[in-house]
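J.: pasting the sequence and the predicted model now:
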Amino acid sequence: MTFDQIVELIKNISEDVNSSGSFFHGRTYDTTLEFGNVYPQVHLYPFTQALEANQNIVRSDLLIGFWKEDGHEKTMIERQEIISDMFTLSIQFEAALRATVGIQIISLRREPQYLSQMGVVSGCAMQVVINSSVGC
């Protein structure tokens, strides 16, 4: 699969599991892509060592964030509920990714997140390394 195909696949899975939310993609950190007002948000941050758009990839290190709007006034219990919801969303995303022909997950790690740099969001970050040459 090419880099563009991987991005399109991630976008399609995001829209399937997060139909009422939004999807953002950026090869580099770009604040114009961040923190729109439609939640939950799925963010794709690909770490692909400057791959060309049509270049086939064997491994891709991806950071996928699952975010929900939060606020400084939230209690820890309310924040834990948000994080739990986003963990559930990330698990649904993982299941859909694993079911995709041509994709093999080599490693996966997820952790809770709370960000307040550009608005306040809580959720889950999922780092995944995939092999996209399986079945291609």
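T.: Now that the structure is in, tell me what you want to look at.

J.: just want the most central residue of the chain.
T.: I64 (2.3 Å; Cα atoms, centre = their mean).

J.: tell me where the chain has strands.
T.: Listed in chain order, the strands of the chain (DSSP state E) span 22-25, 41-47, 59-69, 104-115, 121-131.

J.: ok, which of those comes nearest Q5?
T.: strand 59-69 (10.7 Å; Cβ to Cβ). Just so you know, the C-beta spots here come from the backbone N, C-alpha and C atoms, and that holds for glycine as well.

J.: contacting residues around the nearest residue to V42 once chain neighbours are set aside?
T.: Distances taken as Cβ to Cβ, 6 or more residues apart in numbering place S14 nearest to V42, at 4.0 Å, with adjacent residues excluded. The contact partners of S14, by Cβ atoms under 8 Å, 6 or more residues apart in numbering, come to G21, F23, V42, L44, F93.

J.: related to what we said a few turns ago, verify the stated contact: the residue nearest to the centre of the chain with H43.
T.: Yes: using Cβ atoms under 8 Å as the test, I64 is close enough to H43 to be in contact (6.9 Å).

J.: what's around S60, how many residues?
T.: Residues lying near S60 (other Cβ atoms under 10 Å) number 22.

J.: same check, this time on I83
T.: Counted with other Cβ under 10 Å, residues neighbouring I83 total 20.

J.: need the pLDDT of G102.
T.: On pLDDT, G102 comes in at 84.

J.: who's in contact with G71?
T.: V120.
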